[in-house]
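> predicted model follows, preceded by the sequence.
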Amino acid sequence: MATVTIRPFENGDAAGVTNLIVGIQRGEYEIAITADDQPDLSSIPNFYQTGAGNFWVAIAEDEVVGTLGLRDIGEGDVALRKMFVAAKFRGEPHRVAQRLLDAALAWAAEKNSRAIYLGTTSRFLAAHRFYEKNGFELVSPEVLPETFPLMAVDTRFYRRRLGFAAPSAS
């Protein structure tokens, strides 16, 4: 069994991240999307690794097999994006999705984030169960922060409150 390491994104991971994400989007979910349609993929450090944000990769045998990004959207809130795991690394025994989320939750707590928001499609039923099992609650689009990065394909939205206060405006 391959050992899987979870760590923050490094520039050398860029091609592997793009290949994994676009491959799953197009191959598994038949979403007509390209890397060019997702400019965040070509600028991960600037898009995700600022403020309370970060981006993690799961690496097995020098290959990117999972990703998760947190984007700082201000007021103590972060948006969870780009959570993708290669099919053979889902569930037991690797638990890559859980390990990526655990890394993100620990980071958000360290950064005193107030809440994590995410959007997903109605088709990702396993993802819905995963998020709900991990304390995310289904919310209406009206409760999303104005700065939340809406994606055209997202129809279901979740929030996990973290219990930290928003930063003061002073």
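Now that the structure is in, tell me what you want to look at.
> quick one, strands of this protein?
Assigned by DSSP state E, the chain shows strands spanning 4-8, 54-60, 63-74, 77-85, 115-120, 137-139, 156-161.
> take those and write them to JSON lines, including distance to residue 43 and mean pLDDT.
Every C-beta, even on glycine, is put in place using the N, C-alpha and C of the backbone. Putting the strands of the chain into JSON lines (distance: least, CB to CB, whole Å; pLDDT from 0 to 100) gives the following:
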{"stretch": "strand 4-8", "distance to residue 43": "15", "mean pLDDT": "98"}
{"stretch": "strand 54-60", "distance to residue 43": "11", "mean pLDDT": "98"}
{"stretch": "strand 63-74", "distance to residue 43": "12", "mean pLDDT": "98"}
{"stretch": "strand 77-85", "distance to residue 43": "12", "mean pLDDT": "97"}
{"stretch": "strand 115-120", "distance to residue 43": "20", "mean pLDDT": "97"}
{"stretch": "strand 137-139", "distance to residue 43": "28", "mean pLDDT": "98"}
{"stretch": "strand 156-161", "distance to residue 43": "24", "mean pLDDT": "97"}
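> what would these look like in a markdown table with distance to residue 25 and mean neighbour count?
A markdown table is the format used below for the strands of the chain (distance: least, CB to CB, whole Å; neighbours: other CB atoms under 10 Å):
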| stretch | distance to residue 25 | mean neighbour count |
| --- | --- | --- |
| strand 4-8 | 21 | 14 |
| strand 54-60 | 17 | 23 |
| strand 63-74 | 12 | 22 |
| strand 77-85 | 8 | 22 |
| strand 115-120 | 13 | 22 |
| strand 137-139 | 23 | 13 |
| strand 156-161 | 17 | 18 |
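> closest one to residue 37 among the ones you listed?
strand 77-85 (13.1 Å; CB to CB).
> which secondary element of this protein has the worst mean pLDDT?
Counting by mean pLDDT, DSSP states H and E, the chain has its least confident helix or strand at helix 125-133, which shows a mean of 94.
> who does that one touch, helix- and strand-wise?
helix 96-110, strand 115-120, strand 156-161 (3 or more CB pairs under 8 Å, 6 or more residues apart in numbering; DSSP states H and E).
> change it to 6 Å
With contacts defined as 3 or more CB pairs under 6 Å, 6 or more residues apart in numbering; DSSP states H and E, helix 125-133 has no helix or strand neighbours.
> picking that back up, save the strands of the chain as a markdown table, and put in distance to residue 27 too.
Converted to a markdown table, those look like this (distance: least, CB to CB, whole Å):
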| stretch | distance to residue 27 |
| --- | --- |
| strand 4-8 | 21 |
| strand 54-60 | 18 |
| strand 63-74 | 15 |
| strand 77-85 | 11 |
| strand 115-120 | 18 |
| strand 137-139 | 28 |
| strand 156-161 | 22 |
